[in-house]
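Structure, please.
(one chain, ligands or ions: 1)
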Amino acid sequence: LMCSLRAHYRSFSFSASLTNVMPAWVINKYGKNEVLRFTKNAALPIIHYSNEVTVKVHAAGLNPIDISMRGCYGAATMAMKRDALNMKQSGSGFPLILGRDVSGEIVECGLDVKYFKPGDQVWAAIPPSVCSPQSLMFMSVTQVSHKPKSLRHVKATSIPYVAATAWSAIVNTGGLNKDNSSKKRVLILGGSGGVGTLAMQMVKAWGAHVTVTCSQNAERLVRELGAGDVVDYTAGPVEKQLQTLQKFDLILDNFGGESEKWALDLLRPWNGAKYVTLVTPFLHNTDRLGLADGMMQKGVHYRWGFFAQRGPTLDEISEMVDSGKVRPVVEEVFSFAQVPRAFQKVEQGHACGKTVVSIE
Ligand code: NDP
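Below you'll find the model as predicted:
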């Protein structure tokens, strides 16, 4: 049932039940921050199918992909996904509302929705292919889940997209889970950002030993979150420092760059060890490369990791949050009026956790 739910919602918007418009931050063309526009008259999402819900957004989270999408990244692929049936309602895909994370409250449920009721407190991660009300009618089932009871919306919204990505990369692609991670050695390259801070808590909670690369200013944070070894990549060639450590069972690469040239040598060979990178050429090169997701070389596996929401992922993460195994790492909170500043913050990089927008 959960998987079949569609959600109608906006990240940088919120719904009002008595009118057919709502305030929102939209873009009408791709570009830099100047293209973000505030409107009081964005179309209110309405339920089209009996398995849909509408959600009033109380807080939204930003991810690097929102910055990329503002600048046109993946526009053709996403437009194709949104309009797979070639039933274009709006030729351009604009206005586009960005934002990948929501935490909020169910307003209305379609007739077949049994698992949720109006007033339920929920969270969700929005796939990049879901951006506009028109597209939502045709594509991408989005999963809504009850948010952790222990978190207010502003903290909760920092988790879904990075958690679903980390889960997909570590569990679905990397092959680790709560039952087989004990004493496994996991290396997280780029551990101080949104995905890294979530991923390290997950595998630590499952009993793995975690090594993290980050800059020196983030060392305290990642140690608090459970990193056993921390390597400061600003203090000399990071691969040299990592080569002095025992080999790893899984490497999650949140940074990319040159790292895939040396990272495979840090894995235990012929042991099922995997290197999973989130920095993939997928959207740029889909046509050229097809849908290959990795290869095996030198006795270790090379894989691409992707955001994916499957089944009860967010429910499992919600339980980990409520039982104190995973906590949100919110670096900065902006008001709804400050959405462009929130984009600026994410665009500047050097994240220590997540940037979120409060819409309460
Ligand atoms: P963030 O911007 O939140 O975090 C990136 C972190 O990496 C920052 O803390 C940054 O801090 C740190 N960093 C930068 N350079 C290095 C380096 N050389 N070594 C170690 N750390 C470094 O990004 P996310 O965590 O949200 O995402 C990580 C990556 O994964 C992004 O490239 C994103 O686009 C990608 N991604 C891909 C998805 C997919 O479906 N394939 C889904 C989600 C994310 P500092 O610069 O201060 O060191």
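
Break down the stretch 101-250 of the chain into its helices, ranges please.
Counting by DSSP state H, counting those that start in this stretch, the segments of the stretch 101-250 of the chain that form helices are 133-138, 153-156, 160-167, 194-205, 219-224, 238-243.

Can you say which of these is packed in most?
Mean neighbour count, computed with mean count of other C-beta atoms under 10 Å, is highest for helix 160-167 among the helices of the stretch 101-250 of the chain, reaching a mean of 28. In this view, the C-beta of every residue, glycine as well, is placed from N, C-alpha and C.

Which pLDDT value goes with the residue of the stretch 101-250 of the chain found nearest the ligand?
Distance from the ligand to each residue of the stretch 101-250 of the chain (C-beta to the nearest ligand atom) is smallest for Gly193, at 1.7 Å. Model confidence at Gly193, given as pLDDT, is 98.

Tell me both backbone torsions, phi and psi, for the closest residue to it other than its chain neighbours.
Closest residue to Gly193 apart from its sequence neighbours, by C-beta to C-beta, 6 or more residues apart in numbering: Ala351 at 4.3 Å. Dihedral angles of Ala351 (phi, psi; degrees, to the nearest 10) stand at phi -70, psi 140.

can you put the helices of the stretch 101-250 of the chain in JSON lines and add distance to Ser68?
What follows is the helices of the stretch 101-250 of the chain, written out as JSON lines (distance: least, C-beta to C-beta, whole Å):
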{"stretch": "helix 133-138", "distance to Ser68": "18"}
{"stretch": "helix 153-156", "distance to Ser68": "24"}
{"stretch": "helix 160-167", "distance to Ser68": "13"}
{"stretch": "helix 194-205", "distance to Ser68": "14"}
{"stretch": "helix 219-224", "distance to Ser68": "25"}
{"stretch": "helix 238-243", "distance to Ser68": "25"}
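
hey, least reliable of the ones you listed by pLDDT?
Confidence, taken as mean pLDDT, is least for helix 133-138 of the helices of the stretch 101-250 of the chain (a mean of 31).

Flag every residue of the chain that's near the ligand.
Listed as neighbours of the ligand in the chain under the rule C-beta under 6 Å from any ligand atom: 63-65, 162, 165, 189-190, 192-196, 213-215, 233, 254-255, 278-280, 305-307, 349-351.

What pairs with the longest strand along the chain, parallel or antiparallel?
Scanning the chain for the longest strand, with DSSP state E as the assignment, gives strand 52-62. Strands flanking strand 52-62 in the sheet, each with its direction: strand 6-8 (parallel), strand 101-109 (antiparallel), strand 354-358 (antiparallel) (DSSP bridges).

Next, the angle from the longest one to helix 194-205.
I take that to be strand 101-109. Compare the direction of strand 101-109 with that of helix 194-205 by axes from the mean of the first three to the mean of the last three C-alpha atoms, to 10 degrees and you get 90 degrees.

Give me the mean pLDDT for strand 101-109.
Mean pLDDT, strand 101-109: 89.

Same question for stretch 295-313.
If you average the per-residue pLDDT over stretch 295-313, you get 82.

can you pull out the strands in the stretch 251-360 of the chain?
Remark: strands of the stretch 251-360 of the chain, listed N- to C-terminal, are 274-277, 294-297, 300-304, 330-335, 354-358; assignment by DSSP state E, counting those that start in this stretch.

could those be laid out in TSV, adding mean neighbour count?
Rendered in TSV, the data for the strands of the stretch 251-360 of the chain read as follows (neighbours: other C-beta atoms under 10 Å):
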stretch	mean neighbour count
strand 274-277	25
strand 294-297	11
strand 300-304	20
strand 330-335	17
strand 354-358	24
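
ok, the one residue in the stretch 1-150 of the chain that gets nearest to the ligand to Val107 distance?
The nearest approach of the stretch 1-150 of the chain to the ligand comes at Pro64, 4.1 Å away (C-beta to the nearest ligand atom). For Pro64, the distance to Val107 under the criterion C-beta to C-beta, to the nearest Å works out to 30 Å.

again, but for Ala156
17 Å.

related to what we said a few turns ago, go ahead and build a PyMOL selection from the buried members of the residues of the chain next to the ligand.
One line in PyMOL is enough to select the buried members of the residues of the chain next to the ligand, burial here meaning 16 or more other C-beta atoms under 10 Å:
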select buried, resi 63+64+65+162+165+189+190+192+193+194+195+196+213+214+233+254+255+278+279+280+305+306+307+351
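
Next one: Lys40 from Ser103, what distance?
Lys40 sits 23 Å away from Ser103 when distances are taken as C-beta to C-beta.

Which of the two has more residues huddled nearby?
Ranked by neighbour count (other C-beta atoms under 10 Å), Lys40 and Ser103 place Ser103 first, with 28 against 9.

my guess is the more buried one contacts Ala125, does it?
No: taking contacts as C-beta atoms under 8 Å, Ser103 lies outside contact range of Ala125: 10.6 Å.

what touches both of the two?
Counting by C-beta atoms under 8 Å, 6 or more residues apart in numbering, the shared contacts of Ser103 and Ala125 are Pro160.
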